Each structure stands twice: as C-alpha cells, then as structure tokens.
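K.L.:
here's a sequence, model it:
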Amino acid sequence: MAENVILGKGRGFEKLPRNTWEEHVVIESQHIPAVLDFMTADHHRIRNFVVKEIARTGKTVSPAKISAALAIPQSRVIAQLDDLEKNLFFLVRDSGGNVTWAYPVTAEKTRLSNAGSPR
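P.N.:
Residues are numbered from 1 along each chain as shown. Sure thing, here's the model as predicted:
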C-alpha cells in the first residue's frame, strides 16, 4: 500500500503521495532562510516563548506576559508580534491582542469537518 500525506487546504484536505510531498519539502526548504531574514533575535525569542507557553498551558498568551517573562518592553513586544503576524503568518492574535496560535500550536479548540475529511 502506498504511503500518503494528508494536507489541510482551506476547509478541506488533499491527499498527496509521500514522495511528492517529500520533493516539495526539499524545494520549499531552500527558501526558508530568505523568508526568515526579517526576524531579529527578539522575534525568535518571542515566537519560541509563545509556542512553549501555549503548548504548556493550552491558553492564550498576552503581550504583558511575554514582556514580563522576556524582559522586553511591552510596546516592543507588540511591534514584534505585529511583524510575526504579518510576515509569513507565524502567529495569530485575538481581538484583545493575545496570541491564540503560534505555529504549530493553538490555544483554540479545533475540529475536523466531516465535509472535508479524506476518504
């Protein structure tokens, strides 16, 4: 039996043969350094912190909590979060500015729709 990879696409799924997916990963990984060029050491520290914090607590992370934990002024944290949210979609914030999702973790419930499930 052939191995496949199931990818989320919009609200549905796409099944790809494993070898096709692996070829795609090799090609795309060559572009990663250029995509990350905008990130400073603080961008990396903030993103790493929110990923660990969401994974640990399962809750959203406020700019104030990030600021206190990393000793970065809150205004700077907010500016860095803006950058991370607009550049390559590293994270998502709620209407209060709290980080709800930071790849690859989320504090929000997710559900799998039967309409888009693989067969």
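K.L.:
break this protein into its domains for me.
P.N.:
The chain breaks down into these structural domains: 4-30, 38-106 (assignment by automatic domain parsing).
K.L.:
got TSV for those, with mean pLDDT too?
P.N.:
Formatted as TSV, the domains of the chain follow (pLDDT from 0 to 100):
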stretch	mean pLDDT
domain 4-30	76
domain 38-106	91
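K.L.:
buried deepest among those, which one?
P.N.:
domain 38-106 (a mean of 16; mean count of other Cβ atoms under 10 Å). Yep, even glycine has a C-beta here, placed from its N, CA and C like the rest.
K.L.:
excluding chain neighbours, what is closest to the most centrally placed residue in the chain?
P.N.:
Central residue of the chain (Cα atoms, centre = their mean): Tyr103, 1.8 Å from the mean position. Spatially, and ignoring its direct neighbours in sequence, Tyr103 is nearest to Phe90 (6.0 Å; Cβ to Cβ, 6 or more residues apart in numbering).
K.L.:
how about the one you found, what does it touch?
P.N.:
With contact taken as Cβ atoms under 8 Å, 6 or more residues apart in numbering, Phe90 is in contact with Arg47, Leu84, Ala102, Tyr103.
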